[in-house]
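Engineer: sharing a sequence plus its predicted fold:
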Amino acid sequence: MRKTNATERVQVVVVGAGIAGLNAARLLANKYSVKVLEARDRVGGRLQNHYFANGDSVDVGGQWVGPGQDRMYRLIETLGAKTWPLYDSGDNLLHLAGKLRRYRGTIPRINPIALADLGLAMARFETMARSLDPAAPWRHKKADKWDAVTLESWLQQNCRTQLARQLFAIGIGAVFAAEPAEISLLHALFYARSGNSLETLLAVTGGAQQDRVHGGTAGLCEAMAQQLGERVQVEAPVERVEQLPDGSLLVKHTRGAVQCERVIVAVPPNQALRIRFQPELPAWRDKLLQRMPAGSCIKCIARYDKPFWRDDRLSGQVASPAGPVRVTFDNSEQGKSSGLLMGFLEGDVARHYGSVSPAERREAVLDCFARYFGEAARNPLEYVDKDWSSEAWTRGCYAALMPPGSWTGGGQRLREANGAIHWAGTEFAVEWFGYMEGALESAERAAAEVELALQEQSGAGSPEPVDTEGKSQHV
Ligand SMILES: Cc1cc2nc3c(=O)[nH]c(=O)nc-3n(C[C@H](O)[C@H](O)[C@H](O)COP(=O)(O)OP(=O)(O)OC[C@H]3O[C@@H](n4cnc5c(N)ncnc54)[C@H](O)[C@@H]3O)c2cc1C
């Protein structure tokens with residue numbers, strides 16, 4: 001990876017070395033000259049390792065892969081990495097009205113009325129989600145209606161008991177890092193459909209939280225960057241993209257400029273808005289990006305000498321309406337002796353704890369861990385948390401949200417190129433929007449668009465499709 005730059009000319013510039021940008025570069029690099037410009041001093045974006053004092057590492061960003069995420073499993077295999085299943089044995093805990101109740105599976109044992117209420121609401125939600133085409137949620141006959149209300153309004157009407165609403169909201173918090181009032185009903189349905197179903201998104205074994213990657217998911221990005229070599233330049237925040245009189249583009253970053261034919265912007269929507277384009281992006285594109293705020297999440301991890309909760313037949317998974325940590329997982333790495341408990345602060349809670357002191361936040365989190373798993377959880381060997389909303393170059397996670405009116409008021413053109421500017425990143429995916437898998441998919445589409453355009457430009461006749469399987473054309 002280069003840290004300094006001389007002005008150069010390539011065919012394609014990729015802005016952002018997250019998993020999407022790196023995948024796009026990897027798919028194009030054998031045929032075209034490519035440059036990846038990354039703002040941070042590292043690659044990976046929302047994927048990052050934290051290293052503990054004993055040398056172990058843990059993902060402080062995205063970490064899980066699960067069934068249906070075929071591109072991710074293929075990438076992991078191609079790069080020689082290995083997965084292991086998240087610890088999912090023993091009882092889960094529901095922390096309700098100050099008491100802990102044990103349960104198995106995704107839905108806790110609660111009073112039968114609230115349970116039936118929750119079950120019915122989830123079934124209704126899944127049926128509506130199944131009726132959507134994730135490639136074009138705006139085409140559904142009820143799209144306007146569903147995009148005019150928030151998920152919160154729908155929950156108010158479709159969950160009669162407060163407990164069912166609270167538990168549904170915990171699931172939504174865990175999946176979106178947002179409150180139900182922040183997203184449109186249409187987006188919630190699309191998102192569930194995009195990742196198969198809400199149940200898939202909530203589940204551990206058989207669901208989106210099934211597997212972890214040894215060495216961390218950031219390791220996948222580091223491996224891709226290593227293969228791309230000098231094509232990846234870190235510490236090079238892109239500030240401007242200018243069109244030159246000959247139609248080519250000049251991508252200006254803090255260390256220089258790169259001239260190219262095509263640009264793939266692979267940064268979160270809120271970051272794309274911070275880049276100046278000359279000529280300006282069309283008004284609809286700018287408005288759409290403005291309508292895509294990021295979710296809010298602080299990921300908190302405590303390290304103990306062993307996963308002591310397992311001795312008590314506990315899975316490490318908690319659901320707690322009271323919080324502030326509303327969901328936890330056993331994040332211990334297979335084959336390592338340390339026990340890691342991980343909890344999320346999400347939505348309003350993340351915004352609150354993002355503005356208190358680190359010591360106050362740590363105390364609140366460990367207080368929750370102790371309430372759920374006993375006093376032994378109060379004094380970890382080490383504690384780390386990461387507030388992604390305060391991170392430059394990301395400013396929120398897991399992904400952008402679509403509030404009411406976004407999908408039907410511009411979202412129809414989300415994935416469209418703007419001239420020679422193409423869009424990638426998890427927020428531009430049809431499948432698994434918000435997830436690493438979605439980031440890979442969006443990169444395949446953007447790379448295919450660029451390849452087609454460059455072939456048409458060079459008059460090379462009918463273009464060969466980009467290898468979307470990622471099997472033969474990557475570096
Ligand atoms: C706490 C957390 C938990 C998550 N859990 C999961 C999970 O378990 N499973 C899952 O699949 N997904 C998960 N996700 C989501 C997943 O991490 C993302 O979907 C994925 O990493 C997005 O990749 P990307 O390449 O689209 O964007 P990013 O990773 O955001 O990459 C964009 C890159 O662009 C760079 N950049 C920004 N602006 C500029 C600029 N002006 N110039 C140059 N570079 C710029 C950034 O530094 C960054 O490196 C989680 C995310 C977080 C934060």
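Structural biologist: Structure received.
Engineer: how deep is the closest residue to Arg291 other than its chain neighbours tucked in, by neighbour count?
Structural biologist: Spatially, and ignoring its direct neighbours in sequence, Arg291 is nearest to Ser406 (4.3 Å; Cβ to Cβ, 6 or more residues apart in numbering). (C-beta placed from N, C-alpha, C; glycine too.) Per other Cβ atoms under 10 Å, the neighbour tally for Ser406 reads 24.
Engineer: mind listing what Ser406 touches?
Structural biologist: Residues counted as contacts of Ser406 (Cβ atoms under 8 Å, 6 or more residues apart in numbering) are Asp147, Ser184, His187, Leu288, Arg291, Met292.
Engineer: can you do 10 Å?
Structural biologist: Ser406 makes contacts with 138, 147, 183-184, 186-187, 287-288, 290-293, 400, 414, as judged by Cβ atoms under 10 Å, 6 or more residues apart in numbering.
Engineer: sort out for me which of these are in strands.
Structural biologist: The strands in this structure, assigned by DSSP state E, contain none of the contacts of Ser406.
Engineer: widest-spaced pair of these?
Structural biologist: Trp138 and Pro293 (19.2 Å; Cβ to Cβ).
Engineer: now Gly438. Its backbone dihedrals?
Structural biologist: Recorded main-chain torsions at Gly438 are phi -60, psi -40, according to degrees, to the nearest 10.
Engineer: tell me how many other residues crowd the closest residue to Leu96 other than its chain neighbours.
Structural biologist: Nearest non-adjacent residue to Leu96, counting by Cβ to Cβ, 6+ apart: Pro321, 6.6 Å away. Using other Cβ under 10 Å, Pro321 has 16 other residues around it.
Engineer: residue contacts, Pro321?
Structural biologist: Leu94, His95, Leu96, Ala97, Gln162, Leu163, Arg165, Gln166, Leu167, Ala169, Ile170.
Engineer: ditto for Ala424
Structural biologist: Ala424 touches 14-16, 18, 20-21, 23-24, 264-267, 415, 439-447, 449-450, counting by Cβ under 10 Å, 6+ apart.
Engineer: helix/strand/coil for Arg303?
Structural biologist: strand (DSSP: H, G, I helix; E, B strand; the rest coil).
Engineer: how near is it to the ligand?
Structural biologist: Arg303 sits 17 Å away from the ligand, going by Cβ to the nearest ligand atom, to the nearest Å.
Engineer: Glu451 now?
Structural biologist: Taking Cβ to the nearest ligand atom, one finds Glu451 at 19 Å from the ligand.
Engineer: measure that residue to Tyr32 for me?
Structural biologist: Shown here: Glu451 relative to Tyr32, a distance of 8 Å by Cβ to Cβ, to the nearest Å.
Engineer: those two - which one has more neighbours?
Structural biologist: Glu451 (22 against 18).
Engineer: so the more buried one lies in a strand, does it not?
Structural biologist: No - under three-state DSSP, Glu451 sits outside any strand and is assigned helix.
Engineer: so which of the contacts of Pro321 reach the ligand?
Structural biologist: Contacts with the ligand are made by none of the contacts of Pro321, judged by Cβ under 6 Å from any ligand atom.
Engineer: if we can go back for a sec, and Trp138 and Pro293? Which one has more around it.
Structural biologist: Trp138 (21 against 18).
Engineer: quick check: pLDDT value at the more buried one.
Structural biologist: Among the per-residue scores, Trp138 shows a pLDDT of 98.
Engineer: please tell me how far it sits from Pro404.
Structural biologist: Taking Cβ to Cβ, one finds Trp138 at 13 Å from Pro404.
Engineer: identify the contacts common to those two.
Structural biologist: Trp146, Asp147, Leu186.
Engineer: surely the second one is in contact with His140?
Structural biologist: Yes - assessed by Cβ atoms under 10 Å, Asp147 is found in contact with His140 at 9.3 Å.
Engineer: which of the two has more neighbours?
Structural biologist: Asp147 (25 against 20).
Engineer: for the host helix or strand of Ala370, buried residues please.
Structural biologist: Element membership for Ala370 (DSSP states H and E) is helix 358-373. Going by neighbour count (16 or more other Cβ atoms under 10 Å), the buried part of helix 358-373 is Arg361, Arg362, Ala364, Val365, Leu366, Cys368, Phe369, Arg371, Tyr372, Phe373.
Engineer: stretch 122-134 too?
Structural biologist: Met122, Phe125, Glu126, Met128, Ala129, Leu132, Pro134.
Engineer: identify the farthest-apart pair in the residues you listed.
Structural biologist: Pairwise distances across the buried residues of stretch 122-134 peak at 19.0 Å for Met122 and Pro134 (criterion: Cβ to Cβ).
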